[in-house]
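Enquirer: I would like to see how this sequence folds:
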Amino acid sequence: MACMGATTAAAEVLHAAAQLSSELQAVWYAVYVSTPQHDRGDAAAIVPGSLSDNIALAERLGAVVVRITADDQAAGLLAFARREGVTHVVFGEGMPTAPSRIRSIAARLKSEVRGATLVAVPIAPAGAPPRFSRAGRSHG
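Expert: Residues are numbered from 1 along each chain as shown. Okay, the predicted model is just below:
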């Protein structure tokens, strides 16, 4: 399961999840959680058009795209992972300028996911080369 957001950084997470899925020969989900805050446009990290671009990318990479509505993003992701028996959770982390909400989601996933492998994808700062190419191969 890839945790997909409406930001340009989500592409790195999607490429990493696609690569992992290929290695495991497994079906994978790209999951986006819509919250009341996002629906009102309160999320400063959202880049216009990024969600539709990320959905299209996830589909091209072979994901089953899932959109969940929940009051809390982390709770929505955790509930989906438990319900579907997810064995790997791929998420972005490490960008110091990420909003505290994003860092909080990563922290909750780390502390509350049980029975699944967590894969943290380092998110490159703006302007840095992506860690994964369009073919899904690592640059580093």
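Enquirer: my guess is H15 meets L61, correct?
Expert: Yes. Using C-beta atoms under 8 Å, H15 is in contact with L61, at 7.0 Å. All C-beta atoms are positioned from the backbone trio N, CA, C, and that covers glycine.
Enquirer: compare these two (neighbour count), which wins?
Expert: Neighbours per residue (other C-beta atoms under 10 Å) separate H15 from L61, with H15 holding more: 25 against 20.
Enquirer: and the gap between the more buried one and G62?
Expert: Relative to G62, H15 is positioned 11 Å away (C-beta to C-beta, to the nearest Å).
Enquirer: what's the following helix or strand after the worst-scoring helix or strand of the chain on mean pLDDT?
Expert: Here the helix or strand of the chain ranked lowest by mean pLDDT, DSSP states H and E is helix 36-39, holding a mean of 65. Using DSSP states H and E, the helix or strand that follows helix 36-39 in sequence is helix 50-60.
Enquirer: all helices of the chain, in order?
Expert: For the chain, helices defined by DSSP state H occupy the ranges 10-24, 36-39, 50-60, 73-84, 100-112.
Enquirer: which of the ones you listed is buried the deepest?
Expert: Ranked by mean neighbour count, the helices of the chain are led by helix 10-24 with a mean of 20 (mean count of other C-beta atoms under 10 Å).
Enquirer: packing partners for that helix?
Expert: Applying 3 or more C-beta pairs under 8 Å, 6 or more residues apart in numbering; DSSP states H and E, we find helix 10-24 packed against strand 2-3, helix 50-60, strand 88-93, strand 117-122.
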